[in-house]
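Undergrad: Requesting a structural model of the entry that follows:
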Amino acid sequence: MAFDPRQLLLNMFDAAVGAASPERCVPPHLPPRPAGRTIVVGAGKAAGAMAKAVEDHWPGPIEGLVVTRYGHGAPCRAIEVVEAGHPVPDAAGREAAERILSMVQGLTADDLVLCLISGGGSSLLALPAPGVSLTDKQAINKALLKSGATISEMNCVRKHLSAIKGGRLAAAAAPARVVALMISDVPGDDPCVIASGPTVADPTTAAEALAILRKYAIAAPDNVLAHLGSPQAETLKPGDPRLAGVANVMIATPQSSLEAAAAVARSAGATPLILANAIEGEARDVALVHAAIARQSYDFDQPLAPPCVLISGGETTVTVRGTGRGGRNAEFLLALAVALDGHPGIHALAADTDGIDGTEDNAGAVLAPDSIARAAAIGVGAKARLADNDGYGFFSAIGDLVVTGPTRTNVNDFRAILVRC
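TA: Numbers count the residues shown, from 1 in each chain. Sure thing, here's the model as predicted:
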């Protein structure tokens, strides 16, 4: 069956994003209306769109505040939507977090707190613990982002430097009923990792947070080290009675998005294979493995015979050594290009489902068999750009960036490698 490789990959990405759209996944999970007040709070890249979906389908009075990334807001009537800094927290996020924490206090058992949680909430819900400044959190966050630390490691540190994460938001709302609707952007869909788990008990410890800072040689000021060494740094642990009335509900996951993309490939006549939904590791190392599997399919019909599409999700990391531009998806795709070296039968796409690859204006990029040759013809070398962490510059030069704008959802990275006959 004939298909255009680039368009097929773009259609698959659209399907993956669409499967996690708040307007699609929020309404079926809304809880019953309470006898008392309904307070909506939340944080994440999808928070604005989730708030709008709640408003559009809620049967009674509603109030609240959510915080999302700059440019990711949505028009709401009763729920205030605040935009703040991501991936590095800022004063707008701190102020919003203070207001959210204040909103949920003093409630009764007849009230409902509806928490809308999605990826990015860790940075957006930025309320430093007593004795820790926003400047401290900003510096540590920047260092973690450049260190190659996993999302779980970064969130362990964030939780223990916070006054609202690690179950503290839900504890403040007691005895009100708390229902958290979550869109997962983390490997394994662990609710205590998504947005650093403001409504979820946390099994990690402050000692582990300290160990992570040491592991990546991240310098922390004395006041931060003192805080992490104190009992006040500990998050709420499993079994804490203050979390007894909390329901954490997963409403969209990377796996469901990968399955939606697989259906698109299948309908076009290409056999899909989901490799995994939770791949972690250095982006360029992950690319080498994906390139090897794609070559195996082309050369030996294993694990699938062409035409086939290898699909994966998760969140890779980039240890920044150069000065170029580009997020982890551009880094992955450029490393894949170098590994494939113009292989004639392989096309690929890698993009972040939130529409923003790292801090750039693109979601990701697409790779064709002639990408390296087209770049070389205008003096752009793939290996040199990869060494400089400049995936954005490489794909921008040849017009192969994928630019969607904010999608107002986030189920992590999406990768698809099409192997043709």
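
Undergrad: For stretch 274-287, buried residues please.
TA: 274-275, 277-280, 282-284, 286-287 (16 or more other Cβ atoms under 10 Å). Any C-beta I mention is one placed from the backbone N, CA and C, and that applies to glycine too.

Undergrad: If you could redo that for stretch 143-153, that was the one I meant.
TA: Going by neighbour count (16+ other Cβ under 10 Å), the buried part of stretch 143-153 is 143-145, 147-153.

Undergrad: Just the closest of those residues to P59, please.
TA: Among these, I151 lies closest to P59 (Cβ to Cβ), at 36.1 Å.

Undergrad: quick one: the helices in the stretch 301-421 of the chain?
TA: If you assign secondary structure with DSSP state H, counting those that start in this stretch, the helices in the stretch 301-421 of the chain sit at 328-340, 371-377, 382-387, 391-397.

Undergrad: Dump those to CSV, plus mean neighbour count, distance to A174 and mean pLDDT.
TA: Output for the helices of the stretch 301-421 of the chain, formatted as CSV (neighbours: other Cβ atoms under 10 Å; distance: least, Cβ to Cβ, whole Å; pLDDT from 0 to 100):
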stretch, mean neighbour count, distance to A174, mean pLDDT
helix 328-340, 27, 38, 98
helix 371-377, 17, 55, 98
helix 382-387, 18, 51, 97
helix 391-397, 25, 46, 97
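
Undergrad: In TSV, list these along with distance to A171.
TA: What follows is these, written out as TSV (distance: least, Cβ to Cβ, whole Å):
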stretch	distance to A171
helix 328-340	34
helix 371-377	51
helix 382-387	46
helix 391-397	41
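
Undergrad: and of those helices, who's closest to P28?
TA: P28 lies closest, by Cβ to Cβ, to one member of the helices of the stretch 301-421 of the chain: helix 328-340, at 29.8 Å.

Undergrad: Looking at the helices of the stretch 301-421 of the chain, which is nearest to G197?
TA: Shortest distance between G197 and those, using Cβ to Cβ, is found for helix 328-340: 22.7 Å.

Undergrad: End to end on stretch 371-387, go ahead and measure it.
TA: Chord length of stretch 371-387, first to last residue, is 17 Å (Cα to Cα, to the nearest Å).

Undergrad: Next: stretch 50-69.
TA: 13 Å.

Undergrad: how about it: buried residues?
TA: For stretch 50-69, the buried set under the neighbour-count rule, 16+ other Cβ under 10 Å, comprises 50-55, 58, 62, 64-69.

Undergrad: Show only the entries of these found in strands.
TA: Within the buried residues of stretch 50-69, residues falling in strands by DSSP state E are 64-69.

Undergrad: Output the longest helix belonging to this structure.
TA: The helix that spans the most residues within the chain, counting by DSSP state H, is helix 283-300.

Undergrad: how many degrees apart are that one and helix 328-340 in direction?
TA: Counting by axes from the mean of the first three to the mean of the last three Cα atoms, to 10 degrees, helix 283-300 lies at 40 degrees to helix 328-340.

Undergrad: pLDDT of helix 283-300, averaged?
TA: Regarding helix 283-300, the rounded mean pLDDT is 98.

Undergrad: what's in contact with it?
TA: Helix 283-300 is contacted from outside by 275, 279, 302-306, 308, 310, 312, 316-318, 328-329, 331-333, 335-336, 339-340, 343, 345-346, 348, 386, 415, 417, 419, using Cβ atoms under 8 Å, 6 or more residues apart in numbering.

Undergrad: same question, stretch 132-145
TA: Here stretch 132-145 makes contact (Cβ under 8 Å, 6+ apart) with 87-91, 94, 123, 126, 128, 153-154, 157-158, 161, 213, 216, 218-221, 223-224, 227.

Undergrad: list the buried ones in it?
TA: If you call a residue buried by 16+ other Cβ under 10 Å, then stretch 132-145 has these buried ones: 132, 136-141, 143-145.

Undergrad: buried residues in the longest helix of the chain?
TA: By neighbour count on 16+ other Cβ under 10 Å, the buried set for helix 283-300 is 283-284, 286-287, 290-291, 293-295, 297-298.

Undergrad: Got the domain ranges for the protein?
TA: Here the domain parsing of the chain from automatic domain parsing is 5-16+255-419, 21-252.

Undergrad: Now do the contacts for V67.
TA: With contacts taken as Cβ under 8 Å, 6+ apart, V67 has the following neighbours: 42-43, 47, 81-84, 92-93, 96-97, 100, 124-125.

Undergrad: pretty sure T38 is in contact with D110, am I right?
TA: No - using Cβ atoms under 8 Å as the test, T38 is too far from D110 to be in contact (10.6 Å).

Undergrad: Comparing those two, which residue is more hemmed in?
TA: The residue with more neighbours, out of T38 and D110, is T38; 21 against 12, by other Cβ atoms under 10 Å.

Undergrad: so what's the backbone phi/psi at that one?
TA: As for T38, its main-chain torsions (degrees, to the nearest 10) stand at phi -120, psi 110.

Undergrad: Let me see the contact set for it.
TA: The neighbourhood of T38, defined by Cβ under 8 Å, 6+ apart, consists of 58, 60-64, 111-112, 114.

Undergrad: pretty sure V318 is touching G148, no?
TA: Yes - if you go by Cβ under 8 Å, V318 and G148 touch, sitting 7.3 Å apart.
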